[in-house]
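Asker: Let me see the structure of the following:
(chains A and B)
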Amino acid sequence: MTLEAIFAGFGGQGVMLIGQLLAYAGMYEGKQVSWFPSYGPEMRGGTANCSVVVSDEPVGSPVISEPNLLVAMNRPSLEKFEPMVKSGGMLFYNSSLIHITPKRTDIEVIPIPANDIAAELGNAKVANMVVMGAILKKTGIVDLETVISVLKKTMTGNKAKLIALNQQALEKGMELVG
Amino acid sequence: MAERIMMKGNEAFAEGAIKAGCHFFFGYPITPQNEIPEYMSRRMPEVGGTFIQAESEVSAINMVYGAGGAGARAMTSSSSPGVSLKQEGISYIAAAEVPCVIVNVARGGPGLGGLTPSQADYFQAVKGGGHGDYHMVVFAPASVQEIIDLMYEAFVTADKYRTPVMVLADGLLGQMMEPVVLRDWEDLQIPEKPWATTGMVSGKPQSVINSLGLAPEELENLNLRLQKKYRTIEENGVRYEEDGVEDAELIIVAYGTSARVSKSAIAKARAEGKKVGLFRPITLWPFPSKRLAELAEAGKRFMAVEMSAGQMIEDVKLAVNGKTEVEFYGRYNGAIPSVTEVYQAIIKSFDNREVQK
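Answerer: Model prediction:
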C-alpha cells in the first residue's frame, strides 16, 4: 500500500508535526517514506502544508498531485485541496473550525471535532493528535505503539510530561472513528 | 542493516560533507539552503573544523579558494542568486586548479526570483557560469541518501582532478526529509597535496596558487592542461541511472527532482502498457552523451523533463544528434511539474505518434 497524504492547516496547528510523525513512524516500521513541506514566505497564522508518502516501494515523487488522504485543519485548506483528492480517498476535516461540508461524494469524508476534543482534554494544542489518532485507526498504515515510541524519542526533557496527553488525544481520535 | 535516521536534504549536504572529511565551511545565508550553514555552525566546532559566516558570497567563495589552496577539504553553499555572485571566484579556482565543493540548492529566477525549487541554473553550472574555458564536475542528487553519497564523491573527485565540483540540487531536495543511512567511509583518506600552500619548508620548492598567466604561452599551456584533464574526466567520470530503457520506445531524460516526479509518472504510464523508461544523469558535466547516443542509435525517442524552460535538453539533443525525436516538458522557475502533468505529456507523446502513423 502507498499512502500519499497532504496535511494542511494554518501555522501553529501542528500539521507539519503530524506529517513528520507519520513519516518517522513509517520509517521505524521499515517502510519507504518522504516528507516535503510547503516552504517560502510562510508565517504564523498563514497556511502551511506538507506532503507525506509512506510506501512499501521506493518513493517516486515526494510532491503529491492526487492525495489519497487529506487532512484539512482549517477552511482555506479544505477549499484548496478537496478537489485534488483521488477518487476513493479519505478526507479528514476539523469540524470544530470548518463549518462548511465537503462537496465530494466519491471519497470518504470524516469530520473530526478536533479542537473540541482537545479542549475537553485540557489543551487545544493536541487537536492535531486527535486527527492523527483517527488516521491511524482508519488506515492502519502504522501502529499506535510506533507513533508513541516516536513521541518518546523526540519529546525529551521538559516535553516528556506531555507524552501522556498526546497519547490520550491519539486514543480519543481512534475511538471517534472506531 | 545500519540504522536509518530521518534527515532534511540540506542537513544531508552538511553531514555528507563532514563525513567526507570537509573541515572548512564558508557561507552566506540565503533561502532555501539556510539549514546548511545552520547545521555547519553547530557541527564544525564538534569535529574540530571551521565555520565562518562570511560578509558576502564573494567573500565566502574566496575563503574556499584560500582553504582549498592550503590543501584542506573546503566548501561553500548557496542558492541561485548567491551562486551567481560566486562565479568569478569559481573561475579563479578552476584556473588555479584548487579542489573544492560548491553546493547550489537552486531556486526560481532570473533575478532575485523566488524561493521555490528550480532547475534553471543548469546552463550556469555545466556551461561555465564564470569566464574562461573551464568546467566543473556537476553532480545532481535525486534523494536525500544520494546527497550524502554524492557529497563524498564530490570531495574525492575534487581532490583527484584538482578541480571545483558542484553539487546541484533544488529547493525541494533541500527541504524534504527522507530516511538515510550514514556511514563512515572506510577509504576516507585525503591525498597528499604537495602543491598546497602550507608554508615554506627549506629544500621544498615554493608552492604558488595563482590564476594569473600574463605570458601568452604560459596561459595557453594552462588551458591545454585543463582541457586534457577535462577529457580524462569525460572518459572516466560519467554517472547515470537507467530504469526500464531496454524495451522503452520513449525515454524520459530527467535529473534531480524532475527525475523523481517522472519516475512516478512513468510507473502510471507503464501500468497502461506504454513503453516508457527513465534515464537519469547523475553527472550533468560530464554529460552521459555516449550512452544517450547509443540509445538513439537503437531507435529510442526522448523527452527531457525539467524545471526550466529547457536547458538540459540542449545536451540531450547534442547527444542524440538528430537521429530521433527529442520532446520537452517543463515548468518554469519555481513551479514543480506534477506527476499528472508529466503522465499526460507521456500519453500525449504516444497519442501523437499514433496520429502520425
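Asker: For the residue nearest to A:Lys31 when sequence neighbours are not counted, grab phi and psi.
Answerer: Once flanking residues are discounted, A:Lys31 sits nearest to A:Val54: 5.4 Å by CB to CB, 6 or more residues apart in numbering or on different chains. Glycine gets a C-beta too; all of them are placed from N, C-alpha and C. With angles defined as degrees, to the nearest 10, A:Val54 sits at phi -130, psi 120.
Asker: Repeat that for B:Met7.
Answerer: Torsion angles, degrees, to the nearest 10, at B:Met7: phi -140, psi 150.
Asker: surely it meets B:Val180?
Answerer: Yes - counting by CB atoms under 8 Å, B:Val180 is a contact partner of B:Met7 at 4.9 Å.
Asker: Need the pLDDT of the residue lying farthest from the centre of chain A.
Answerer: Most distant from the centre of chain A: A:Gly157, at 24.8 Å, with distances by CA atoms, centre = their mean. Per-residue confidence (pLDDT) for A:Gly157: 93.
Asker: do A:Gly45 as well
Answerer: Confidence score, pLDDT, at A:Gly45: 67.
Asker: try B:Met200
Answerer: Per the predicted model, pLDDT is 86 at B:Met200.
Asker: What's the local residue count around it?
Answerer: 9 (other CB atoms under 10 Å in any protein chain shown).
Asker: Where does the spatially closest residue to it that is not a sequence neighbour sit, in terms of helix or strand?
Answerer: Excluding the flanking residues, the one nearest B:Met200 by CB to CB, 6+ apart is B:Gln206, at 7.0 Å. Counting by DSSP states H and E, no helix or strand carries B:Gln206.
Asker: B:Gln206 and B:Ala196 touch, don't they?
Answerer: No - the criterion here is CB under 8 Å, and B:Gln206 misses it with B:Ala196 at 11.8 Å.
Asker: more crowded one of these two?
Answerer: Neighbours were counted for B:Gln206 and for B:Ala196 using other CB under 10 Å; B:Ala196 has more, 16 against 7.
Asker: helix/strand/coil for the more buried one?
Answerer: coil (DSSP: H, G, I helix; E, B strand; the rest coil).
Asker: Not counting sequence-adjacent ones, nearest residue to it?
Answerer: According to CB to CB, 6+ apart, the nearest residue to B:Ala196 is B:Gly71 (3.2 Å).
Asker: Name the SS class of the one you found, please.
Answerer: coil.
Asker: got the contact list for it?
Answerer: Counting by CB atoms under 8 Å, 6 or more residues apart in numbering or on different chains, B:Gly71 touches B:Lys193, B:Ala196, B:Thr197, B:Thr198.
Asker: Closest approach to chain A from the stretch 1-150 of chain B, which residue is it?
Answerer: As assessed by CB to the nearest CB, chain A sits closest to B:Leu115 within the stretch 1-150 of chain B, at 4.4 Å.
Asker: surely that residue meets A:Tyr39?
Answerer: Yes - counting by CB under 8 Å, B:Leu115 touches A:Tyr39, with 7.0 Å between them.
Asker: Which neighbours do these two have in common?
Answerer: Common neighbours of B:Leu115 and A:Tyr39 (CB under 8 Å, 6+ apart) are B:Thr31, B:Pro32, B:Gly171.
Asker: how about TSV for those residues, with pLDDT and neighbour count added?
Answerer: Output for the shared contacts of B:Leu115 and A:Tyr39, formatted as TSV (pLDDT from 0 to 100; neighbours: other CB atoms under 10 Å in any protein chain shown):
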residue	pLDDT	neighbour count
B:Thr31	94	18
B:Pro32	96	26
B:Gly171	96	29
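Asker: Now narrow these to whatever sits close to chain A.
Answerer: B:Thr31, B:Pro32, B:Gly171 (CB under 8 Å from any CB of the partner chain).
Asker: What are the boundaries of the strands in chain B?
Answerer: Using DSSP state E, the strands of chain B run over B:4-8, B:24-27, B:50-53, B:74-78, B:100-106, B:137-139, B:164-170, B:177-181, B:240-243, B:250-253, B:276-281, B:283-285, B:301-306, B:326-330.
Asker: can you put these in TSV and add mean neighbour count, distance to A:Gly11 and mean pLDDT?
Answerer: Output for the strands of chain B, formatted as TSV (neighbours: other CB atoms under 10 Å in any protein chain shown; distance: least, CB to CB, whole Å; pLDDT from 0 to 100):
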stretch	mean neighbour count	distance to A:Gly11	mean pLDDT
strand B:4-8	19	19	97
strand B:24-27	26	27	98
strand B:50-53	16	27	98
strand B:74-78	29	27	98
strand B:100-106	30	23	98
strand B:137-139	27	35	98
strand B:164-170	28	24	98
strand B:177-181	22	19	97
strand B:240-243	15	38	98
strand B:250-253	27	36	98
strand B:276-281	24	35	98
strand B:283-285	24	36	98
strand B:301-306	24	32	98
strand B:326-330	20	31	98
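Asker: Any chance of the ones you listed in TSV with distance to chain A as columns?
Answerer: TSV is the format used below for these (distance: least, CB to the nearest CB, whole Å):
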stretch	distance to chain A
strand B:4-8	6
strand B:24-27	19
strand B:50-53	21
strand B:74-78	17
strand B:100-106	11
strand B:137-139	19
strand B:164-170	12
strand B:177-181	4
strand B:240-243	10
strand B:250-253	12
strand B:276-281	10
strand B:283-285	20
strand B:301-306	11
strand B:326-330	14
